[in-house]
Structures are given as structure tokens and as C-alpha cells.
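Student: my questions concern the predicted model and sequence given below.
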Amino acid sequence: MVSDDFEDRPSEISDGLNPPKKQSARPEKSLRARAMDILSRQEISRSGLKRKLAPHAESEAELEKVLDEFAERNWQSDERYAEAYIHSKSRQHGTLRLKQALAAQGVDEDLSRRFLPDRDSEQQTAMAVLRKKFKQPAADLKEKQKQVRFLAYRGFGMDTIQTALKHAWDEDEN
């Protein structure tokens, strides 16, 4: 015979899929603590941090106060974020894509422009990316168009793409 004791304790029963929920004994984290946790793991733009903290803030003023404090103490810096982002992504992407990504993160265009690679290094990056993806020069127009689309997707400008297509395999022929 099955005992009816389990009906008295429905919160302790698990169906195997959803474990019983436990009440958290820990108090809710403060907005400042949440911001510190986020910034301890990664550099992030002010607008990115604001977006992550907004659901936990009681008011816009409280959120702005925390963001201002962190910026004042230089714990959060859009300049440092832009520099780190460009440093990590500039080996695979062109300046157009880097500028677009930083603008989407709310970083000022003038600020991001200071850290963008110069024309020569972007040219070298485009040729390296092209040689890595395509092992030899384009044999026909269709293949050349494919290479152009690939570099354009990576954020390189048309002048950089044309130069890269022209000179990417020059070193191999010497």
C-alpha cells in the first residue's frame, strides 16, 4: 500500500526534470556589487554596463550614480574598453567593422578612431586573412567575387580589398 505522506510535502518532491526550488538565504546583491562583478571579469563599455545593470536598478538616478562613480575611479573606462576591443579583434577584422561594433557598444567615434590600426597594418591584416582563408589567388571572376565578399564582410574597405587581392600572393612568387 502506498502512503499518502508525500501529499503533505509537495515542495520536497521532484519530478526529475525540475528540482525543488530552495529559498535563497543570501541577500540581494547591491547594484555596486553587481557592477564590480561584471567589471572584474571583462572590460565593458559604459552603455554595455548600463544595459546589464538596468534590470536590477531601482531608479535611473541610482544607476547613473554608480556608473559615474565607476568612471570617476577609472574602474570603467570606454577608452580602455575600445583599446582592448580593437587590440583583440584587429587581427581578423577591418576598420569598418571595428568602428561599427564599437559604435553599437556606445563608444564615441573619436575615441575609437584613436586606437584603430593604420592603413599599412590594416593592409597587412587583409592580406593575411585572405591568404589564410584562400590558399591561392582567384582563378576566375566567381572566385574573385567570393574573396571580395569575404573581406568586405570582415570590415575592410574596397581600396584595401583591391590592394590585398593584387598583392596577397606576391611574397609566395618570390
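Tutor: Arrived safely. Numbering: from 1, shown residues only.

Student: only C-alpha atoms for contact and neighbour calcs from this point on.
Tutor: Fine.

Student: which helix runs longest in the chain?
Tutor: Criterion DSSP state H: the longest helix present in the chain is helix 119-133.

Student: ok, now which ones touch residue 122?
Tutor: If you count contacts by Cα atoms under 8 Å, 6 or more residues apart in numbering, residue 122 has them with 90, 94, 95, 160.

Student: gap between residue 84 and residue 74?
Tutor: Remark: distance between residue 84 and residue 74 (Cα to Cα, to the nearest Å) = 15 Å.

Student: neighbour-wise, which of those two wins?
Tutor: Using other Cα atoms under 10 Å, the more surrounded residue of residue 84 and residue 74 is residue 84, with 15 against 11.

Student: what's the more buried one in contact with, if anything?
Tutor: residue 43.

Student: over to residue 53?
Tutor: With Cα under 8 Å, 6+ apart, residue 53 has these contacts: 31, 34, 35, 63.

Student: residue 94 reaches residue 159, doesn't it?
Tutor: No: under the criterion of Cα atoms under 8 Å, residue 94 makes no contact with residue 159, lying 11.8 Å away.

Student: higher neighbour count, these two?
Tutor: Using other Cα under 10 Å as the criterion, residue 94 and residue 159 rank with residue 94 on top: 28 against 9.

Student: tell me the mean pLDDT over stretch 149-162?
Tutor: The pLDDT scores in stretch 149-162 average 95.

Student: and it, how far out from the chain's middle?
Tutor: Relative to the centre of its chain, stretch 149-162 is centred 21 Å away, using Cα atoms, centre = their mean, to the nearest Å.

Student: would you map the helices across this protein?
Tutor: Using DSSP H, helices in the chain cover 31-41, 46-53, 60-72, 78-89, 95-104, 109-115, 119-133, 141-153, 158-167, 170-173.

Student: ok, of these, where does mean pLDDT dip lowest?
Tutor: The lowest average pLDDT among the helices of the chain, as it happens, falls on helix 170-173, at a mean of 61.

Student: for residue 35, see how far away residue 58 is.
Tutor: Where residue 35 is concerned, residue 58 sits at a distance of 14 Å (Cα to Cα).

Student: looking at those two, which is more packed in?
Tutor: Higher neighbour count among residue 58 and residue 35: residue 35, with 21 against 10, using other Cα under 10 Å.

Student: residues in contact with that one?
Tutor: Counted by Cα under 8 Å, 6+ apart, residue 35 has contacts 49, 53.
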